[in-house]
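Give me a 3D structure for the following:
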Amino acid sequence: MEKEETIVSQQQEREEKITGNKTSVAVASSDVKPKSISRAKKWSEEIENLYRFQQAGYRDEVEYKQVKQVSVVDRWPETGYVKKLQRRDNTFYYYNKQRECEDKEVHKVKIYAY
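Numbering: from 1, shown residues only. Sure thing, here's the model as predicted:
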C-alpha cells in the first residue's frame, strides 16, 4: 500500500511541476472545474499519463477519480504509467508499460490547471 501511495504522491508532484498548481486528494473528492488550459509542447512522463486519461475520455486523474469514485488508479510499478482505466461507458482501456504517446500526438494533450 505504501508503494501505491508513493506513486500517487510522485504523480501529484509531477503535476504540480507541469501545471504550476497544486492538486490534492481534497480536490479529487469535490466537484472542481479547471481554471485554465494549455497544450503540451514536449513529451514527459506527466504528458504520457495525461494522454492516457484523455484517450479514455477524462481531463486528467482528478476528473477520473471524481467520476469513477476510486481512490487509486492502476499503474505499472516499473514506470508509474497508468495501466488500466475504465471509460464512462464501463469498458476498459488497458495500456502498455512503454510509452504510447508518440511525438506527433503530444500537441493534442491538454494540461488543466486548478
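
show me where this structure has strands.
36-39, 74-75, 82-86, 92-94, 110-113 (DSSP state E).

who wins for proximity to E61 among the ones you listed?
Of all the strands of the chain, strand 82-86 sits nearest to E61, with 8.2 Å by Cβ to Cβ. Every residue, glycine included, has its C-beta placed from N, CA and C.

can you list the weak-confidence ranges in the chain?
1-30 (pLDDT under 70).

List the buried residues in stretch 68-82.
Residues of stretch 68-82 classed as buried: V73, R75, T79, G80, Y81, V82 (neighbour count, 16 or more other Cβ atoms under 10 Å).

Would you agree the fourth one is in contact with E46?
No: G80 is beyond contact range of E46, at 10.1 Å (criterion: Cβ atoms under 8 Å).

sorry, back to before: mean neighbour count, the strands of the chain: which tops it?
With neighbours defined as mean count of other Cβ atoms under 10 Å, these peak in mean count at strand 82-86, which reaches a mean of 19.

Any idea what the residue nearest to Y94 when sequence neighbours are not counted is bridged to?
Of all residues not flanking Y94 in the chain, K84 sits nearest, at 5.4 Å (Cβ to Cβ, 6 or more residues apart in numbering). Counting by DSSP bridges, K84 is bridged to D74, Y94.
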